[in-house]
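In: this is the structure alone, sequence omitted:
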């Protein structure tokens, strides 16, 4: 699922003001998949917690997500697996909370047609 599908803007020739047509194209492989890797693992909270920071990249977008786990709950070999599971739960909760924000293609087209930006 793409948040913002890549678009190509084509100038249409015509009489009077210029008009633009938007054509969506198939996204490249680098824009389809997120690249997620462990950026850091460090002790926090007076040694009682571990912070596993994930680096998330897709195309030009990049951000980090810290996951805090209790040291006593997992041994060293399990900490990354537990952090990955917590990262998944975090994004699943985020997706659920923002589900009502999703717009259909028709909604996006309607919003685009009512743009109030001044013409250059």
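Out: Alright, I've got the coordinates. These figures come from a predicted structure and were not determined experimentally.
In: so where does residue 43 fall, helix or strand?
Out: According to DSSP states H and E, residue 43 maps onto strand 35-44.
In: can you list the buried residues in stretch 73-80?
Out: By neighbour count on 16 or more other Cβ atoms under 10 Å, the buried set for stretch 73-80 is 79, 80. Where you see a C-beta, it was placed from the backbone N, CA and C, and this is true even at glycine.
In: ditto for stretch 58-73
Out: Residues 58, 65, 67, 69 are the ones in stretch 58-73 that count as buried (16+ other Cβ under 10 Å).
In: what does it contact?
Out: Stretch 58-73 has contacts (Cβ atoms under 8 Å, 6 or more residues apart in numbering) with 30-31, 33-35, 39, 43-45, 47-56, 79, 82-83, 86-87, 90.
In: hang on, the earlier thing: partner strands of the strand holding residue 43, parallel or antiparallel?
Out: According to DSSP bridges, strand 35-44 forms sheet pairs with strand 49-58 (antiparallel).
In: average pLDDT across the longest helix seen in the chain?
Out: Criterion DSSP state H: the longest helix present in the chain is helix 79-97. The average pLDDT for helix 79-97 rounds to 96.
In: now stretch 54-61
Out: Stretch 54-61 carries an average pLDDT of 95.
In: now tabulate the buried residues of stretch 58-73 in CSV and tack on distance to residue 118.
Out: Shown next, in CSV, are these (distance: Cβ to Cβ, whole Å):
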residue, distance to residue 118
58, 32
65, 38
67, 45
69, 51
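In: which of those residues fall in strands?
Out: Per DSSP state E, strands hold the following members of these: 58, 65, 67, 69.
In: still on that earlier bit, can you name every helix or strand that the longest helix of the chain contacts?
Out: Under the contact definition 3 or more Cβ pairs under 8 Å, 6 or more residues apart in numbering; DSSP states H and E, helix 79-97 sits against strand 35-44, strand 49-58, strand 61-70.
In: what is the orientation angle of that helix with strand 49-58?
Out: Comparing the axes of helix 79-97 and strand 49-58 via axes from the mean of the first three to the mean of the last three Cα atoms, to 10 degrees yields an angle of 60 degrees.
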